[in-house]
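J.: Below are the sequence and a predicted model for it; my questions follow.
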Amino acid sequence: MDNIRNFSIIAHIDHGKSTLADRLIEVTGTIDKRKMQDQVLDSMDLERERGITIKMTPVRLNYKSSVGKSYIYNLIDTPGHIDFSYEVSRSLRAVEGAILLVDATQGVQAQTMTVLDMAREAGLKIIPVLNKIDSPLANIEETEDEVIRILKCERSEILRVSGKTGEGVPELLEQIIDLVPPPKSELDTKINLNSKSFRGLIFDFQYSSHQGVIIYTRVLDGEIKKGDDIKFIASNHDFIVREVGVLSPHKTETDSIKAGEVGYVVTGIKEPGAARVGDTITGTTSPLPAYPGYALPTPLVFASVYPEYQEYFDDLRSALNKLRLSDSSITFEEEQSGALGRGFRCGFLGMLHLEIITERLRREFDLTLIVTTPSITYEVTTRNGVELVYTPIHFPDHGEVISVREPWILTTIITPHAYLSNIMELNHDYEASVVEMEDWGDNRIRVVLEMPLRELMRNYFDVIKSASSGYASVAYEKGDMRPAHVTRMDIFVAEERVAAFSRVVPMHRVDKDADEAVEKLFTILPREWFRVKLQAYVQGRILASRSITALSKNVTGHLYGGDITRKMKLREKQKEGKKRMQEEGKVHISHDTFLKMMK
């Protein structure tokens, strides 16, 4: 294993991870230059369009050092967004080193600190690297000062590269040999290891309609071969290995993958939930203990997803099941809405994860969806005990609620001094309070806030970006549960509650939210042949109300001549009809109206 080096590239979003990975692949000759393309490790169209990494990707690089010795590099390109922090944390357990990539034009950002903490917790050797040094906007000296401050390293230890031109990449490849330690067996020496014992850590997986679930694993101990009997320890599923190999970057079948190597294993399993990121695989005949630290990803954001037309409900169920084969962090359960019909209550890792999954449902499965307003989990204490509420529809009535608790988060913002006052002015509106403030010099400051998770979902990222003209960066981590002063707000249309419009709102903002909701519905709901009353109810009180006037029709327009009583009779008949319609009429709310209200 002395000739193997396993490492990841970690960074804030848009700091050039995928571009640097392209240059590493190109310089090592892993892919022929004629076949090279930008973001070669990003296989999804969505990744290429947005310029972000959504799914982590391993690749095996063969490198010959300057002294002529051959090495095997196993590189894992990881996502940069905070929503995928659990997957990143498990992938860092599969390597011994991490390239901490910092954009020389932007400096250290909020997510840089988050992934750095993960790498430190995993005990990795951290290699500081400055990217985009060829840019005319690069502030190399200032950025190096920031890196020195957070890593306590020497200036000479910081490498300078350009992922665009390839400058400094050969020197980085050489440094990896000296700085990243070779892999070693994680096996406890007290456990006897025989020829049939092996163990691997799953850091990612994908699904193939022909081969089933294909897991990406770092072999910790022993050797995995085709035909081996294997089981997932956490999910307790057994299978026989159909194929093993390495990714360079395309799948290349091999006889086996050994301790210290990173590769793929074809399971043949076509059942959702069998493979999970962070789980351990081991042999069924001589099993080894699970690698520590496994946990199920916890959904933070919930939203209901409905098909546009109910005849596509089964197609939506099938699509969610297929997506779960390649993303075990999705959770969903069937639910019924009077207005929208049958759908699914889905749990996501964050707002970006929600956006990515719904977009994949539209693109990959050609589904037209209605997605309700995202919400979080509330811990509600009633007379009957404590219950977890994932949707506003099921939030208990005010008279039944004794207390409510909600999740809080710690939010880190790094911003230039000039925009600090703009950001601080937002604290009251978003119920945020300052925990820590640190001057980073070079006209930048780091602010740590604590705030309710529900406030993050009110376009907090966009508001911060707007307040700082795009210069501030934001990252967050889950905190504890705290008391919440919230209640349910219901919207009634023509005296009938529309469950899809219900939401949980803070008590101090109920009047404002009620006015906004009613006013928005007033502007988008089409007129009917009778007067439609719109009302926002909170704790049994009407806080906002508007009426949409009825459409009118001239019922006497076709008459000419004759007695005036003919027109009077028709008008009386119309009046009676409108009265009856006002009492019995139902408002049909179109899917387009739902979509506009959920935005």
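T.: Sure, I can see it. Numbers count the residues shown, from 1 in each chain.

J.: Could you identify the helix or strand that succeeds the least confident helix or strand in the chain by mean pLDDT?
T.: Least confident helix or strand, the chain: helix 45-50 with a mean of 52, by mean pLDDT, DSSP states H and E. Going down the chain from helix 45-50, the next helix or strand is strand 57-64, by DSSP states H and E.

J.: Keeping just the C-alphas, turn that next one into PDB.
T.: C-alpha atoms of strand 57-64 as PDB (Å, rounded to 0.1, in the frame of the first residue of the first chain):
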ATOM      1  CA  THR A  57     -17.200  11.100  -7.900                       C
ATOM      2  CA  PRO A  58     -14.100   8.900  -7.400                       C
ATOM      3  CA  VAL A  59     -11.400   8.600 -10.000                       C
ATOM      4  CA  ARG A  60      -8.200   6.500 -10.100                       C
ATOM      5  CA  LEU A  61      -5.100   8.300 -11.400                       C
ATOM      6  CA  ASN A  62      -1.900   6.500 -12.400                       C
ATOM      7  CA  TYR A  63       1.100   8.800 -11.700                       C
ATOM      8  CA  LYS A  64       4.800   8.400 -12.300                       C
END
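
J.: Now do the SS call for the residue nearest the centre of the chain.
T.: Nearest to the mean C-alpha position of the chain, by CA atoms, centre = their mean, lies His353 at 2.6 Å. With DSSP: H, G, I helix; E, B strand; the rest coil as the basis, His353 sits in helix.

J.: For stretch 268-276, buried residues please.
T.: 269, 272, 274-276 (16 or more other CB atoms under 10 Å). Using the backbone N, CA and C atoms, a C-beta is placed for each residue, glycine as well.

J.: now stretch 173-187
T.: Neighbour-count burial for stretch 173-187, counted by 16+ other CB under 10 Å, picks out 173, 175-177, 179-180, 183, 187.

J.: tell me the least confident of the residues you listed?
T.: Least confident entry in the buried residues of stretch 173-187, by pLDDT: Leu187, with 57.

J.: would you list every one of the helices in the stretch 251-400 of the chain?
T.: 313-326, 351-365 (DSSP state H, counting those that start in this stretch).

J.: Sorry, slip of the keys, the one I care about is the chain.
T.: 17-27, 45-50, 85-92, 110-121, 140-151, 169-179, 313-326, 351-365, 420-425, 453-456, 460-467, 510-524, 564-584, 591-598 (DSSP state H).

J.: coming back round to it: check the spacing between the residue nearest to the centre of the chain and Ile177 real quick.
T.: Computed as CB to CB, to the nearest Å, the His353 to Ile177 distance reads 37 Å.

J.: How about Val504?
T.: In terms of CB to CB, Val504 sits 55 Å off from Ile177.

J.: circling back to that earlier point, least confident of the helices of the stretch 251-400 of the chain, on average?
T.: When I compare these, helix 351-365 is least confident, with a mean of 84.

J.: Quick one: distance of that one to the chain centre.
T.: Here helix 351-365 is found 10 Å from its chain centre; the criterion is CA atoms, centre = their mean, to the nearest Å.

J.: what's the answer for stretch 61-72, then?
T.: 37 Å.

J.: Next, the buried residues of it.
T.: Buried residues in stretch 61-72 (16+ other CB under 10 Å): 61, 63, 71-72.

J.: Name the residues that touch it?
T.: 3-5, 24-25, 28-30, 60, 73-75, 173-174, 177, 248, 261 (CB atoms under 8 Å, 6 or more residues apart in numbering).

J.: Next one: Asp462 from Leu456, what distance?
T.: 11 Å.

J.: Repeat that for Glu333.
T.: 24 Å.

J.: quick one, which of these two is more surrounded?
T.: Comparing Glu333 with Leu456 by other CB atoms under 10 Å, the one with more neighbours is Leu456, at 21 against 9.

J.: Run through the residues that contact the more buried one.
T.: Contacts of Leu456 by CB under 8 Å, 6+ apart are 351, 409, 411, 476.

J.: Check Gly212 too.
T.: Going by CB under 8 Å, 6+ apart, the list of residues near Gly212 reads 266-270.

J.: Next, count neighbours for the closest residue to Pro307 other than its chain neighbours.
T.: Excluding the flanking residues, the one nearest Pro307 by CB to CB, 6 or more residues apart in numbering is Leu316, at 4.8 Å. Residues near Leu316, counting by other CB under 10 Å, number 22.

J.: going forward, begin numbering at 17 instead of 1
T.: In the new count, where the first residue is 17, that last one comes out as Leu332.

J.: wait, isn't Leu332 in contact with Phe360?
T.: Yes. The pair Leu332 / Phe360 is scored as a contact, 6.8 Å apart, by CB atoms under 8 Å.

J.: Are there residues contacting both of those two? Which ones?
T.: In contact with both Leu332 and Phe360: 321-322, using CB under 8 Å, 6+ apart.

J.: Among the buried residues of stretch 284-292, name the least confidently predicted one.
T.: Pro288 (77).

J.: List the contacts of that residue.
T.: Taking CB under 8 Å, 6+ apart, one finds 337, 340-341, 344 in contact with Pro288.

J.: what does Ala250 give?
T.: 292, 294-296, 306, 310.

J.: Would you indicate which residues of stretch 471-485 are buried?
T.: Quick answer for stretch 471-485 (16+ other CB under 10 Å): 471-473, 476, 479-480, 483-484.

J.: Using CSV, write out every CA atom in it.
T.: Listed next in CSV are the C-alpha coordinates belonging to stretch 471-485 (Å, rounded to 0.1, in the frame of the first residue of the first chain):
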residue,chain,number,x,y,z
GLU,A,471,-36.1,31.7,9.0
LEU,A,472,-33.4,30.3,6.8
MET,A,473,-36.1,29.1,4.4
ARG,A,474,-37.4,32.7,3.9
ASN,A,475,-34.9,33.3,1.1
TYR,A,476,-32.2,34.0,3.6
PHE,A,477,-29.3,33.2,1.3
ASP,A,478,-30.7,35.5,-1.4
VAL,A,479,-31.3,38.3,1.0
ILE,A,480,-27.8,38.2,2.4
LYS,A,481,-26.3,38.1,-1.1
SER,A,482,-28.5,41.1,-2.0
ALA,A,483,-27.5,43.0,1.1
SER,A,484,-23.8,42.4,0.4
SER,A,485,-23.9,42.9,-3.4
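
J.: circling back: redo the buried residues of stretch 189-203 as CSV? Include distance to Glu544.
T.: Compiled in CSV, the buried residues of stretch 189-203 are given as follows (distance: CB to CB, whole Å):
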residue, distance to Glu544
Leu189, 70
Gln191, 71
Ile192, 69
Ile193, 74
Leu195, 71
Val196, 69
Pro199, 69
Leu203, 72
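
J.: coming back round to it: can you redo the helices of the stretch 267-416 of the chain as JSON lines with distance to His433?
T.: Below are those laid out as JSON lines (distance: least, CB to CB, whole Å):
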{"stretch": "helix 329-342", "distance to His433": "44"}
{"stretch": "helix 367-381", "distance to His433": "28"}
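
J.: Show me the strands in the stretch 117-266 of the chain, by range?
T.: Along the stretch 117-266 of the chain, the segments classed as strands by DSSP state E, counting those that start in this stretch run 141-147, 175-176, 215-224, 228-237, 239-241, 245-248, 254-256, 259-263.

J.: List just the one of these that sits closest to Val402.
T.: strand 245-248 (32.5 Å; CB to CB).

J.: coming back round to it: and the helices of the chain, which one is worst for confidence?
T.: helix 61-66 - the lowest mean pLDDT of these, at a mean of 52.

J.: Can you add distance to Ser302 and give the helices of the chain back as TSV?
T.: Listed next are those as TSV, based on distance: least, CB to CB, whole Å:
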stretch	distance to Ser302
helix 33-43	37
helix 61-66	40
helix 101-108	24
helix 126-137	31
helix 156-167	42
helix 185-195	34
helix 329-342	29
helix 367-381	38
helix 436-441	57
helix 469-472	45
helix 476-483	49
helix 526-540	60
helix 580-600	74
helix 607-614	53
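
J.: Count the residues that sit near Leu356.
T.: Using other CB under 10 Å: Leu356 sits among 22 other residues.

J.: What distance do you get for Glu452 to Met134?
T.: For Glu452, the distance to Met134 - CB to CB - is 19 Å.

J.: Those two: who's more crowded?
T.: Under the criterion of other CB under 10 Å, the comparison of Glu452 against Met134 puts Met134 first, with 21 against 11.
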